[in-house]
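Engineer: turn this into a structure:
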Amino acid sequence: MRTLFSETITEFDLICFLFQVCFSCCSDGNIAVWDLHNQTLVRQFQGHTDGASCIDMSADGTRLWTGGLDHTVRSWDLREGRQLAQHDFASQIFSLGYCPAGDWLAVGLESSTVEVLK
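Structural biologist: Numbers count the residues shown, from 1 in each chain. Reported below is the predicted structural model:
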């Protein structure tokens, strides 16, 4: 841990602050976080039991939403690296769209429908 501006941050926060990171959905269900500067894997989020298919992030960069072929949407705390919630659906998740104001999450399903989580 290091202290910047009187706030304690983790090594992961420092990588996100100083370098560019990339989030990728993987066919094994994991979400990989890559440090683009060093071209290294810095974190993985594990939870989906089938391929992860889509991803979106909150405007403040603290929460991540992932959709999967396992019919679930999961939310993650990026600072703590843990899953916050899971929402189950009747079909595979193909797209996500998080409202910039943080009021809702649109979930695009394989069944050609969109559901909104509030």
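Engineer: how near is the residue nearest to the spatial centre of the chain to Val33?
Structural biologist: In the chain, the residue lying closest to the centroid (C-alpha atoms, centre = their mean) is Leu64, at 3.0 Å. As judged by C-beta to C-beta, to the nearest Å, Leu64 and Val33 stand 9 Å apart. In this view, the C-beta of every residue, glycine as well, is placed from N, C-alpha and C.
Engineer: who touches both of those two?
Structural biologist: 23, 45 (C-beta atoms under 8 Å, 6 or more residues apart in numbering).
Engineer: ok, residues contacting stretch 81-94?
Structural biologist: 12, 43, 45, 47, 53-54, 63, 67-77, 107-111, 115, 117.
Engineer: give me the buried subset of those.
Structural biologist: Among these, those scoring as buried are 12, 43, 45, 47, 53-54, 63, 67-76, 107-109 (criterion: 16 or more other C-beta atoms under 10 Å).
Engineer: strands - which of these land there?
Structural biologist: 43, 45, 53-54, 63, 67-68, 72-76, 107-109 (DSSP state E).
Engineer: between the residues you listed, which sits nearest Gln20?
Structural biologist: Within those, the smallest distance to Gln20 is 14.4 Å, found for Arg43 (C-beta to C-beta).
Engineer: okay, and the beta partners of the closest one?
Structural biologist: Taking DSSP bridges as the rule, Arg43 bridges to Val33.
Engineer: hang on, it packs against Val33?
Structural biologist: Yes. Counting by C-beta atoms under 8 Å, Arg43 touches Val33, with 4.2 Å between them.
Engineer: which residues in this structure form helices?
Structural biologist: 11-18 (DSSP state H).
Engineer: report the helix or strand with the lowest average pLDDT across it.
Structural biologist: Least confident helix or strand of the chain, by mean pLDDT, DSSP states H and E, is strand 2-4 with a mean of 38.
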